[in-house]
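Novice: I'll drop the sequence and a predicted model, then ask my questions.
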Amino acid sequence: MPDSTLAGLTAATTSTGGLFYGTQSGADRKFTLTATGASLTEAANAAAVRAVINAVYNYGNTGTATVTLDAANGVAQKATLTGDITLAAPSNPVEGMEMSVQLTASGGARTITLSGITVPTGVTFTGTVASGSVRRLKLYYSGSAWLLTSNLEFA
């Protein structure tokens, strides 16, 4: 793309927050404006982006410990409960992120205790997971606290 065209695109997108979609050489493109100039992301990368977003990080077996998931590993994570655990607030959060946590009890019923995760007012957290069952927790980071928004068990 010639520099004059790039300069025109940069000027045109400043008032719209720096994002627009277009076609270049017959392919759909997403253009974004940054502090260092314009960049472009090809629509062909969409499948790779979806694969990263939908990937489930496997923490593995927990043992009997405090488990601190790392939000940098993705918004969907799972672990196998091989003992009773304390689930601590995930590290490295980004304000507004939601995290789905799948915990599968193995070798007997397991108990989950929460640490640093706020349970909704008037709700009592039930952390016992039957052997072989899956507990699915949904967490939301408000910018200052992790909030429990869902606590479901599937046999």
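Specialist: Right, received. Where do you want to start?
Novice: for the closest residue to residue 74 other than its chain neighbours, name its beta-bridge partners.
Specialist: Once flanking residues are discounted, residue 74 sits nearest to residue 57: 4.7 Å by C-beta to C-beta, 6 or more residues apart in numbering. Bear in mind the C-beta positions are built from the backbone N, C-alpha and C, glycine included. Counting by DSSP bridges, residue 57 forms beta bridges with residue 77.
Novice: quick one: contacts for residue 57?
Specialist: Going by C-beta atoms under 8 Å, 6 or more residues apart in numbering, residue 57 touches 73, 74, 76, 77, 78.
Novice: now swap in residue 133 and tell me
Specialist: Contacts of residue 133 (C-beta under 8 Å, 6+ apart): 104, 105, 153, 154, 155.
Novice: let's see the pLDDT reported for it.
Specialist: Note for residue 133: predicted pLDDT of 96.
Novice: likewise residue 65?
Specialist: Per-residue pLDDT puts residue 65 at 88.
Novice: isn't it right up against residue 85?
Specialist: Yes: here residue 65 reaches residue 85: they are 6.3 Å apart, a contact under C-beta atoms under 8 Å.
Novice: what about these two, which has more around it?
Specialist: residue 85 (21 against 12; other C-beta atoms under 10 Å).
Novice: on that earlier part again, scan the contacts of residue 57 and report the most crowded one.
Specialist: Using other C-beta under 10 Å as the neighbour test, the contacts of residue 57 are led by residue 77, with 22 neighbours.
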